[in-house]
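1. with the input below, show me the fold.
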Amino acid sequence: MFDTFSQLKRHEPLSKHSWYGLGGPADFFAEAKKAEEVAPLIAEAKKNKLPYFILGGGSNTIFHDEGFRGLVIKMVSDKLDFQTVTNQPATHTGIIMADAGASTTQLVKESMDLGLTGLEGLYGLPGTVGGTIFGNAGAHGVEIGTFVENVTLLDRGGEVKVVDKGYMDFSYRHSRLHETGEVVLSVTLKLDIMDENDSHMTALREKAAAALNFRKEKQPVGKNNGSFFKNPKGDFAGRLIEAAGLKGYKIGGAYVSPKHANFFMNDGTAKVEDILNLMRYVQGSVKEGFGILLEPEVRIILPDGSIFHTK
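-> Coordinates of the predicted model:
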């Protein structure tokens with residue numbers, strides 16, 4: 001099994017690939033350095049009737065303490081390709097083609113360095129492009145899906161296809177891929193180009209700096225996965241959790257950050273069950289106090305490959 005795949009590892013600790021530092025070993029683990037390496041790995045997993053999971057930067061994924069009884073493929077293909085397009089007389093747009101394993105922050109930085117505007121609100125966002133597209137990640141009023149031209153996917157049948165933005169059905173922290181199980185191989189984005197002498201260039205860089213400073217000032221440092229819950233419509237999860245008096249609340253080695261209530265922290269001793277118990281307690285308290293059931297933004301992956309259902 002997987003004898004021809006030189007990059008394959010056995011019993012790889014998934015805690016090494018999670019921002020929480022949690023997760024037991026994967027039976028099989030491989031890093032895909034090129035997009036074309038993904039399909040053969042998945043085909044081999046299917047041949048042997050093993051579950052498989054596609055992992056990006058690990059910023060929005062928690063694996064169970066018991067690990068994963070199948071194949072985890074980590075996307076590390078990180079090519080970024082920038083092309084200038086001037087096919088419309090009054091409009092200059094920049095086309096970016098990014099592999100799924102590319103760093104989202106690196107994508108934003110390089111686009112800004114070339115004077116491309118649109119993504120600056122995402123500067124400092126953790127994770128990789130594939131995961132950012134999968135969850136239509138956003139911050140400071142910016143969502144990645146707004147700028148998508150097309151996405152190259154690997155479907156459940158092992159076929160590669162290119163789809164447009166409409167196919168992705170982007171909404172708040174959601175894309176169609178949650179239902180289809182298709183894998184992001186790469187994405188093409190279209191951004192506006194700012195003239196170096198345009199005053200907007202200064203504003204662009206100031207917005208990026210503000211986004212990064214906001215994260216440094218308002219968000220805690222340590223083992224966490226970023227925002228744990230999605231914001232309910234018209235409100236903020238952090239505000240609701242704080243209003244419920246839960247800042248600093250702790251179960252086992254997991255606790256609600258005293259700095260930002262929508263961050264769950266690992267003090268270095270937490271187990272996944274601590275995170276789950278803390279999640280349930282916070283959900284119950286907010287539901288009781290405000291009638292709102294908070295929905296997690298993170299995905300909790302069980303040993304059989306299924307996703308822990310939180311409702």
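2. okay, strands next: where are they in the stretch 1-150 of the chain?
-> Along the stretch 1-150 of the chain, the stretches classed as strands by DSSP state E, counting those that start in this stretch are 9-13, 25-32, 52-55, 61-63, 68-75, 80-88, 91-99, 116-117, 138-139, 142-143, 148-154.
3. I meant the stretch 151-300 of the chain, not that one.
-> Going by DSSP E, counting those that start in this stretch, the stretch 151-300 of the chain shows strands at 160-164, 183-193, 250-251, 254-256, 264-266, 299-301.
4. out of those strands, nearest to Thr132?
-> Closest to Thr132 of the strands of the stretch 151-300 of the chain, according to C-beta to C-beta: strand 183-193, at 8.7 Å. C-betas here are computed from N, CA, C, even on glycine.
5. helices and strands of the protein: which one has the lowest mean pLDDT?
-> Sorting the helices and strands of the chain by mean pLDDT, DSSP states H and E puts helix 200-218 at the bottom, at a mean of 64.
6. what about the stretch 151-300 of the chain, any weak spots by pLDDT?
-> Scanning the stretch 151-300 of the chain for pLDDT under 70 picks out the ranges 195-218.
7. need the pLDDT of the residue lying closest to Ala100 once chain neighbours are set aside.
-> Nearest non-adjacent residue to Ala100, counting by C-beta to C-beta, 6 or more residues apart in numbering: Gly130, 3.1 Å away. You'll see Gly130 listed with a pLDDT of 95.
8. gap between Gly130 and Tyr167?
-> 16 Å (C-beta to C-beta, to the nearest Å).
9. also Gly115?
-> 30 Å.
10. just Gln83 next, same as before
-> Distance of Gln83 to Tyr167, given as C-beta to C-beta: 22 Å.
11. and these two? Which one has more around it.
-> A count of neighbours by other C-beta atoms under 10 Å puts Tyr167 above the other of Gln83 and Tyr167, at 18 against 10.
12. skipping adjacent residues, who's closest to the more buried one in space?
-> Nearest to Tyr167 is Arg176, by C-beta to C-beta, 6+ apart, at 6.6 Å.
13. tell me which residue lies nearest the centroid of the protein.
-> Closest residue to the average C-alpha location of the chain: Gly131 at 3.7 Å, with C-alpha atoms, centre = their mean.
14. that one against Asn60, yeah?
-> Yes - counting by C-beta atoms under 8 Å, Gly131 touches Asn60, with 6.0 Å between them.
15. Val129: neighbour count?
-> 29.
16. how far does stretch 71-81 stretch from one end to the other?
-> Distance across stretch 71-81, first residue to last, is 29 Å (C-alpha to C-alpha, to the nearest Å).
17. would you confirm that Val38 contacts Lys74?
-> No - counting by C-beta under 8 Å, Val38 does not reach Lys74; the two are 10.4 Å apart.
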